[in-house]
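In: fold the following and give me the result.
(2 chains)
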Amino acid sequence: MATQKMSLAKALNESLRKALDTDPKVLIMGEDVGKLGGVFRITDGLQKDFGEDRVIDTPLAESGIVGTAIGLALRGYRPIVEIQFDGFVFPAYDQIVTQLAKMHARALGKIKLPVVVRIPYGGGIGAVEHHSESPEALFAHVAGLKVVSPSNASDAYWMMQQAVQSDDPIIFFEPKRRYWDKGDVETDLIPGPLHKAATVREGSDLTLVAYGPMVKVCLEAAAAAQEEGKSIEVLDLRSMSPIDFDAVQASVEKTGRLVVVHEAPVFYGSGAEIAARITERCFYHLEAPVLRVGGYHAPYPPARLEDEYLPGLDRVLDAVDRSLAY
Amino acid sequence: MTVESTAARKPRRSSKRTSAAKTPQSSEPELVQLLTPEGERVEHPDYEIDLTADELRGLYRDMVLTRRFDAEATALQRQGELGLWASLLGQEAAQIGSGRALRDDDYVFPTYREHGVAWCRGVDPTNLLGMFRGVNHGGWDPNTNNFHLYTIVIGSQTLHATGYAMGVAKDGADSAVIAYFGDGASSQGDVAEAFTFSAVYNAPVVFFCQNNQWAISEPTEKQTRVPLYQRAQGFGFPGVRVDGNDVLACLAVTKSALERARRGEGPTLVEAFTYRMGAHTTSDDPTKYRADEERVSWEAKDPILRLRTYLEQQELADEAFFTALDEESEALGKRVREAVRAMPDPDRMAIFDHAYADGNPLVDEERAQFAAYQASFAEEGN
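Out: Predicted coordinates for the structure are as follows:
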């Protein structure tokens, strides 16, 4: 197998290159995606190699980017659009929710909307307001959308391939503070289904569920807990809509304890959905209530306070301790 | 709102008294007109049109049948057969004129009132009623007649039309795209963004704004302080205002804009200056916000009446034509009435159909739970 070590950002770049190369109907659209290669350089070099007709610099108008991508999809193209930052997706939220998500159902299945909306999301890079948010629950709540987020380079590469090939609209959240983390990518792997969770660490005392940027924190927490003799299993959800509840259930039936970790505010967040479903499914297996660790019901704070706001190792371990104390 | 009769009405007031509505728009004289409200053929230096008697009668027939269909749907709503109806009464010329300017390979992005355009595209009128009866949200295949689904969120479809037109240009095709929207939608950001994108990418799209003077209860002056067609200039493409009650002018102007798009010269904004004779929808009550005399003044500009006058004066249609059309109208009304009443409620499992193209385990799980819940009633013998 061809294995290459590359950053998550490079894996996305290579995956987009492959998508453009494989299917002439694939387009990339967004602000600054051309010569600059995007503010995170995810599309670096693609316009040079595929031309301005395939890698399209757009006006600065998010609703316009998504709305025209819908039109292009109706014409038979497969647009991948880049929203520059999480907090900038809201001008496009109407097009995503009322049009992109619903049009397939509105036509009783007679048309398809193969559009990928890429959104660099989450905090931890010291950015200014609107550049560090985690709005995944707002999209996961909408039927018609699929919402995914890779946590490592290999998943980034393969999940992007699957997203582009999907006939459903995919909201593809990219953990921006993991862009520079390197990992092995097997470029001729045959990946499992896009919505399947991955067990990234085996354990027997407690299950930590996370996705995107928090998977790394949970793995570090599990390693730290190991030193105290606690065996923690870590599940990388990979998909926030749908959620692989079967995988979470299987793990909780084994460990009896569950802590869900995400950067987004806990209130009405994906942790609430997981806690409710797993309580239903695993009530007699649970040794403790499902606990959640995440952001607060407050605007994302200025950068000097984000370490207090974001779940770090200590907060995850505190939740682990509280769960094990029951 | 009363159900209007099939036949065109005679004006109740002299056309000399039609200047009652004082808005910044209506005081503007720059309308392209080829047929006056009195049914007189006039020339315009930029827009020539030469139609056969058969084509003229065809336009008249389209407008009469569309009005009849619309009246039937309004009646069906009043009888409880439809949950809602958005009438096009008064806008027949704008829709038939622009609709008949299209080629088969052109693509239409309507709002939710384009029943006349749908008629021109060959969409069976009964297909339009499913969403208003509540059996689906549209349901037709947009690619069968190149007529996209009705779009309810105001102005969204102008971006879809622009993107589609960008795709047409990429494909090297010489077809064009037309997006319909109203004066109210012109205030939406999406419409401005569609103007921006279409200009930047030189997309072959025609923006056809039916300025029917009212966005539910808000008059056009609550949307804009400049005539709407002038907006185009700021985006870098031409805008033109046409008499929206003149089917010939609407046809000529739209055709010219479509040809411009086909030649690769980019978008055009057409503002069809018209009037919504009825309510915004059957839930609306226009008597609360507009004077009856305004409506009466517009009745003198009735699009069907003026073409009828022209046909009669030029002896292009005889009594037999009008009689046969009356019969055809009644048959259409009957067919629509029967089709609506025969429309079955969807299967309850349809709730879960088509949520996703590639399937979704969550939907599968909820579908199974719903089916089991429904089956539990059968087991109880209820």
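In: just the strands in the stretch 151-300 of chain A please.
Out: Residue ranges of the strands in the stretch 151-300 of chain A, as given by DSSP state E, counting those that start in this stretch, are A:170-175, A:182-186, A:198-201, A:206-210, A:232-236, A:239-241, A:258-265, A:291-295.
In: buried set for the fourth one?
Out: If I follow you right, that is strand A:206-210. By 16 or more other CB atoms under 10 Å in any protein chain shown, the buried positions in strand A:206-210 come out as A:206-210. The C-beta positions use only the backbone N, C-alpha and C, and glycine is treated the same way.
In: ok so, going back, winner for burial among the strands of the stretch 151-300 of chain A?
Out: strand A:206-210 (a mean of 29; mean count of other CB atoms under 10 Å in any protein chain shown).
In: could you tell me which residues of the stretch 151-300 of chain A lie near chain B?
Out: With CB under 8 Å from any CB of the partner chain as the criterion, the stretch 151-300 of chain A meets chain B at residues A:166-168, A:195, A:241-244.
In: count the residues that sit near residue 249.
Out: If you meant another chain, say so; for now it's chain A. As a burial measure, residue A:249 scores 18 neighbours (other CB atoms under 10 Å in any protein chain shown).
In: meant chain B, my bad for not saying
Out: Around residue B:249 there are 27 residues (other CB under 10 Å).
In: test my guess that it contacts residue B:242.
Out: Yes - applying CB atoms under 8 Å as the test, residue B:249 and residue B:242 come out as touching, 4.9 Å apart.
In: residues that sit against both of those two, list them.
Out: B:31-33 (CB atoms under 8 Å, 6 or more residues apart in numbering or on different chains).
In: could you redo those as CSV and give each row pLDDT and distance to chain A?
Out: Shown next, in CSV, are these (pLDDT from 0 to 100; distance: CB to the nearest CB, whole Å):
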residue, pLDDT, distance to chain A
B:31, 94, 31
B:32, 97, 28
B:33, 97, 33
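In: buried subset of the residues you listed, written for ChimeraX?
Out: In ChimeraX, this line selects whichever of the shared contacts of residue B:249 and residue B:242 come out buried by 16+ other CB under 10 Å:
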select /B:31,32,33
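In: can you give me the buried ones in stretch B:280-290?
Out: B:280-282, B:284, B:286.
In: please apply the same query to stretch A:270-278.
Out: A:270-275, A:277-278.
In: what's the answer for stretch B:126-135, then?
Out: B:126-133.
In: what about those, which are in helices?
Out: B:130-133 (DSSP state H).
In: could you tell me the phi and psi values at the nearest residue to residue A:95 once chain neighbours are set aside?
Out: Excluding its sequence neighbours, the residue lying closest to residue A:95 (CB to CB, 6 or more residues apart in numbering or on different chains) is residue A:66, at 4.2 Å. When read as degrees, to the nearest 10, the backbone of residue A:66 gives phi -70, psi -40.
In: please give me every residue in contact with residue A:66.
Out: Residue A:66 sits in contact with A:81, A:92, A:95-96, A:100, A:115, A:117, B:159, where contact means CB under 8 Å, 6+ apart.
In: how about residue A:300?
Out: A:123, A:129, A:132-133, A:306, A:309.
In: possible to save these as JSON lines with distance to chain B?
Out: Putting these into JSON lines (distance: CB to the nearest CB, whole Å) gives the following:
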{"residue": "A:123", "distance to chain B": "28"}
{"residue": "A:129", "distance to chain B": "21"}
{"residue": "A:132", "distance to chain B": "25"}
{"residue": "A:133", "distance to chain B": "21"}
{"residue": "A:306", "distance to chain B": "31"}
{"residue": "A:309", "distance to chain B": "30"}
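In: any idea how far apart the tips of stretch A:128-142 sit?
Out: Across its full length, stretch A:128-142 reaches 28 Å between end residues, using CA to CA, to the nearest Å.
In: helix or strand right after the host helix or strand of residue A:48?
Out: For residue A:48, the host element (DSSP states H and E) is helix A:46-50. Scanning forward in sequence from helix A:46-50 by DSSP H and E, the next helix or strand is strand A:55-57.
In: any chance of a markdown table for the strands of the stretch 151-300 of chain A, columns distance to residue B:205 and mean pLDDT?
Out: As requested, the strands of the stretch 151-300 of chain A are exported to a markdown table (distance: least, CB to CB, whole Å; pLDDT from 0 to 100):
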| stretch | distance to residue B:205 | mean pLDDT |
| --- | --- | --- |
| strand A:170-175 | 27 | 98 |
| strand A:182-186 | 41 | 97 |
| strand A:198-201 | 45 | 98 |
| strand A:206-210 | 45 | 98 |
| strand A:232-236 | 44 | 98 |
| strand A:239-241 | 33 | 98 |
| strand A:258-265 | 38 | 98 |
| strand A:291-295 | 42 | 98 |
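In: cool, thanks, talk later.
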